[in-house]
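Enquirer: Curious how this folds, go ahead:
(one chain, ligands or ions: 1)
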Amino acid sequence: MDINVVNALTYEDFVKLFGNVVEKCPLISAAIWSHRPFKDLADIEAHITEFILSLPDSGKEGILRCHPDLAGRDLQSGTLTRESQEEQSQAGMTTLDSAEVLQMYRLNSEYKERFGFPFVICARLNKKADIVGQLSERLKNDRAAERERAIEEVKKICRLRLRSIVLSDIQTEL
Ligand SMILES: NC(=O)NC1=NC(=O)NC1=O
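Expert: As a prediction, the model looks like this:
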């Protein structure tokens, strides 16, 4: 997608296009629209990152709390966003057996109990075994370290979602 097209978007269309690059946090895209004209996709990403990192810890944790559990209730009931559905199925979360679903439920519950926000990982960059391993491993972190680690994952998810929007748009243009 031509960056000049992005820069010409009304804020309504900008939020419509980019509003879910951070899961269920359209506020972020609505806020960074003010920084146009953007030089390129990386510039959009940099403004999103700057916005997230400028938040107080409670704001960062708020972003994390907008993420659906992996293999959790939303997946089971079919209420994931399109992006999350794609990401979770690509990571093998839709083909878990009942024992694996129970294991994810238990680990996610233990994690939420400990940190007060859900375990977040960039599903597109991980397979089922990695996710279970990371969840078990990161449970040992302290809250501050884990908050930062989870926000790093949010940034990876955001980068991939931004890229797929731009690439998909290029395909439809061609
Ligand atoms: N709790 C999560 O990590 N959720 C997710 N990660 C993704 O990449 N997509 C999700 O829905």
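
Enquirer: hey, which helix is longest across the protein?
Expert: Assignment by DSSP state H gives helix 143-173 as the longest helix of the chain.

Enquirer: buried residues in that helix?
Expert: Within helix 143-173, the residues that count as buried by 16 or more other CB atoms under 10 Å are 146-147, 150-151, 153-162, 165-166. Quick note: C-beta positions are derived from backbone N, CA and C, even for glycine.

Enquirer: just stretch 90-97 next, same as before
Expert: Counting neighbours by 16+ other CB under 10 Å, the buried set in stretch 90-97 is 91, 92, 93, 96.

Enquirer: isn't residue 124 right up against residue 157?
Expert: Yes. The pair residue 124 / residue 157 is scored as a contact, 7.5 Å apart, by CB atoms under 8 Å.

Enquirer: which neighbours do those two share?
Expert: Taking CB atoms under 8 Å, 6 or more residues apart in numbering as the contact criterion, the residues that touch both residue 124 and residue 157 are residue 87.

Enquirer: Remind me what the helix or strand of the chain with the lowest mean pLDDT packs against, helices and strands.
Expert: Counting by mean pLDDT, DSSP states H and E, the chain has its least confident helix or strand at helix 143-173, which shows a mean of 88. Identification of packing neighbours for helix 143-173 by 3 or more CB pairs under 8 Å, 6 or more residues apart in numbering; DSSP states H and E yields helix 11-18, helix 41-54, helix 57-65, helix 98-115.

Enquirer: near the ligand, which residues of this structure show up?
Expert: Applying the criterion CB under 6 Å from any ligand atom, the portion of the chain that neighbours the ligand consists of 67-70, 84, 87-88, 118-124, 157.

Enquirer: of the buried residues of stretch 90-97, closest to residue 24?
Expert: residue 93 (17.8 Å; CB to CB).

Enquirer: That closest one contacts residue 71, doesn't it?
Expert: Yes. Under the criterion of CB under 8 Å, residue 93 makes contact with residue 71 at 4.4 Å.

Enquirer: residues bridging contact with those two, i.e. touching both?
Expert: Counting by CB under 8 Å, 6+ apart, the contacts common to residue 93 and residue 71 are residue 104.

Enquirer: in this protein, which ranges drop under the pLDDT threshold?
Expert: For the chain, applying pLDDT under 70 flags the ranges 169-174.

Enquirer: Assess the claim that residue 151 and residue 67 are in contact.
Expert: No. At 11.1 Å, residue 151 does not count as touching residue 67 under the criterion of CB under 8 Å.

Enquirer: Show the contacting residues for the residue lying closest to residue 160 once chain neighbours are set aside.
Expert: If you skip the residues right next to it in sequence, residue 160 has residue 124 as its closest partner in space, 5.4 Å away by CB to CB, 6 or more residues apart in numbering. Residues touching residue 124, when contacts are defined by CB under 8 Å, 6+ apart, comprise 87, 90, 91, 157, 160.
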